[in-house]
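>>> Model the following, please.
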Amino acid sequence: MAKQEDSCAVDVLTFPSSHYALKAEKICKREGTRAVLIPLPREISADCGVALIVRSGGCQAAEELLRQAGILVNGVHHLQREGREARLWRSLLGG
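As a prediction, this is how the structure comes out:
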(Lines give C-alpha, C1' and ligand atoms only; values in the text may rest on other atoms or scores of the structure.)
Protein backbone atom coordinates (compact mmCIF):
# COMPACT_ATOMS: atom_id res chain seq x y z
CA MET A 1 0.00 0.00 0.00
CA ALA A 2 1.32 3.46 -0.86
CA LYS A 3 2.42 5.72 2.00
CA GLN A 4 -0.18 8.37 1.06
CA GLU A 5 -2.95 5.81 1.57
CA ASP A 6 -1.68 5.12 5.11
CA SER A 7 -1.79 8.77 6.14
CA CYS A 8 -4.52 11.40 6.41
CA ALA A 9 -4.27 15.04 7.48
CA VAL A 10 -7.37 16.83 8.71
CA ASP A 11 -8.23 20.07 10.44
CA VAL A 12 -10.29 19.71 13.60
CA LEU A 13 -12.56 22.58 14.56
CA THR A 14 -13.59 22.83 18.20
CA PHE A 15 -16.55 24.73 19.60
CA PRO A 16 -17.74 26.16 22.94
CA SER A 17 -20.49 23.53 23.08
CA SER A 18 -21.89 20.52 21.25
CA HIS A 19 -24.77 22.73 20.14
CA TYR A 20 -22.37 24.86 18.05
CA ALA A 21 -20.69 21.76 16.62
CA LEU A 22 -24.03 20.33 15.48
CA LYS A 23 -25.05 23.63 13.89
CA ALA A 24 -21.64 23.91 12.21
CA GLU A 25 -21.96 20.45 10.64
CA LYS A 26 -25.44 21.27 9.36
CA ILE A 27 -24.29 24.57 7.82
CA CYS A 28 -21.22 23.02 6.19
CA LYS A 29 -23.24 20.19 4.66
CA ARG A 30 -25.95 22.57 3.44
CA GLU A 31 -23.29 24.71 1.70
CA GLY A 32 -21.49 21.71 0.15
CA THR A 33 -18.46 21.68 2.45
CA ARG A 34 -17.54 18.14 3.47
CA ALA A 35 -17.41 18.02 7.29
CA VAL A 36 -17.96 15.24 9.80
CA LEU A 37 -18.63 15.27 13.54
CA ILE A 38 -16.25 13.14 15.59
CA PRO A 39 -15.64 12.62 19.29
CA LEU A 40 -13.25 15.31 20.53
CA PRO A 41 -9.73 13.81 20.17
CA ARG A 42 -7.97 13.39 23.52
CA GLU A 43 -4.81 15.12 22.32
CA ILE A 44 -6.89 18.29 21.96
CA SER A 45 -8.83 18.05 25.22
CA ALA A 46 -9.73 15.49 27.86
CA ASP A 47 -13.25 16.94 27.95
CA CYS A 48 -16.13 15.00 26.51
CA GLY A 49 -17.63 16.53 23.44
CA VAL A 50 -17.61 16.59 19.69
CA ALA A 51 -15.52 18.32 17.08
CA LEU A 52 -15.81 18.81 13.35
CA ILE A 53 -13.23 17.51 10.91
CA VAL A 54 -12.64 18.93 7.45
CA ARG A 55 -10.04 18.06 4.86
CA SER A 56 -6.72 19.71 5.46
CA GLY A 57 -6.74 22.81 3.29
CA GLY A 58 -10.53 23.20 3.44
CA CYS A 59 -10.48 24.77 6.85
CA GLN A 60 -10.34 28.43 5.83
CA ALA A 61 -13.48 28.11 3.70
CA ALA A 62 -15.30 26.29 6.51
CA GLU A 63 -14.21 28.88 9.09
CA GLU A 64 -15.39 31.75 6.91
CA LEU A 65 -18.72 30.05 6.28
CA LEU A 66 -19.22 29.49 10.01
CA ARG A 67 -18.14 33.03 10.89
CA GLN A 68 -20.74 34.42 8.48
CA ALA A 69 -23.37 32.19 10.11
CA GLY A 70 -22.43 33.42 13.58
CA ILE A 71 -21.02 30.09 14.76
CA LEU A 72 -18.28 30.45 17.38
CA VAL A 73 -15.16 28.38 16.72
CA ASN A 74 -12.91 27.82 19.76
CA GLY A 75 -9.93 26.52 17.88
CA VAL A 76 -8.53 24.79 14.82
CA HIS A 77 -6.11 21.91 15.22
CA HIS A 78 -4.21 20.14 12.47
CA LEU A 79 -4.03 16.37 13.05
CA GLN A 80 -2.27 13.65 11.12
CA ARG A 81 -3.53 10.09 11.34
CA GLU A 82 -1.91 6.87 10.16
CA GLY A 83 -3.16 3.43 9.23
CA ARG A 84 -6.68 2.31 10.04
CA GLU A 85 -7.81 5.63 11.53
CA ALA A 86 -6.45 7.50 8.49
CA ARG A 87 -8.45 5.26 6.16
CA LEU A 88 -11.58 5.76 8.28
CA TRP A 89 -11.28 9.56 8.32
CA ARG A 90 -10.52 9.64 4.60
CA SER A 91 -13.62 7.54 3.84
CA LEU A 92 -15.79 9.75 6.09
CA LEU A 93 -14.59 12.82 4.19
CA GLY A 94 -15.33 11.25 0.83
CA GLY A 95 -12.17 9.58 -0.32
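>>> Any idea what the spatially most central residue of the chain is bridged to?
Among the residues of the chain, the one closest to the centroid is residue 53, at 0.9 Å (C-alpha atoms, centre = their mean). Beta-bridge pairing of residue 53 under DSSP bridges involves residue 12, residue 36.
>>> Looks like it contacts residue 9 (just checking).
No. Counting by C-beta atoms under 8 Å, residue 53 stays clear of residue 9, with 10.3 Å between them. Glycine gets a C-beta too; all of them are placed from N, C-alpha and C.
>>> re earlier: pLDDT value on the residue nearest to the centre of the chain, please?
According to the prediction, residue 53 has pLDDT 93.
>>> Then residue 95?
In this model, residue 95 carries a pLDDT of 67.
>>> How about residues contacting the lengthiest helix in the chain?
Ranked by residue count, the top helix of the chain under DSSP state H comes out as helix 18-30. By C-beta atoms under 8 Å, 6 or more residues apart in numbering, the surrounding residues in contact with helix 18-30 are 13-15, 34-37, 49-52, 54, 62, 65-66, 69, 71-73.
>>> before we move on, what about stretch 84-94?
Contacts of stretch 84-94 (C-beta under 8 Å, 6+ apart): 5-8, 10, 34, 36, 38, 53-55, 81.
>>> Now do the contacts for residue 62.
Contacts of residue 62 (C-beta under 8 Å, 6+ apart): 11, 13, 24, 28, 33, 35, 52, 54.
>>> tell me which element it falls in.
Element membership of residue 62, judged by DSSP states H and E, is helix 59-68.
>>> and the angle from the helix or strand just after that helix to helix 59-68?
Next helix or strand after helix 59-68 toward the C-terminus (DSSP H and E): strand 75-82. Angle of strand 75-82 versus helix 59-68, following axes from the mean of the first three to the mean of the last three C-alpha atoms, to 10 degrees, is 150 degrees.
>>> list the buried ones in strand 75-82?
Judged by neighbour count (16 or more other C-beta atoms under 10 Å), strand 75-82 contains these buried residues: 76-77, 79, 81.
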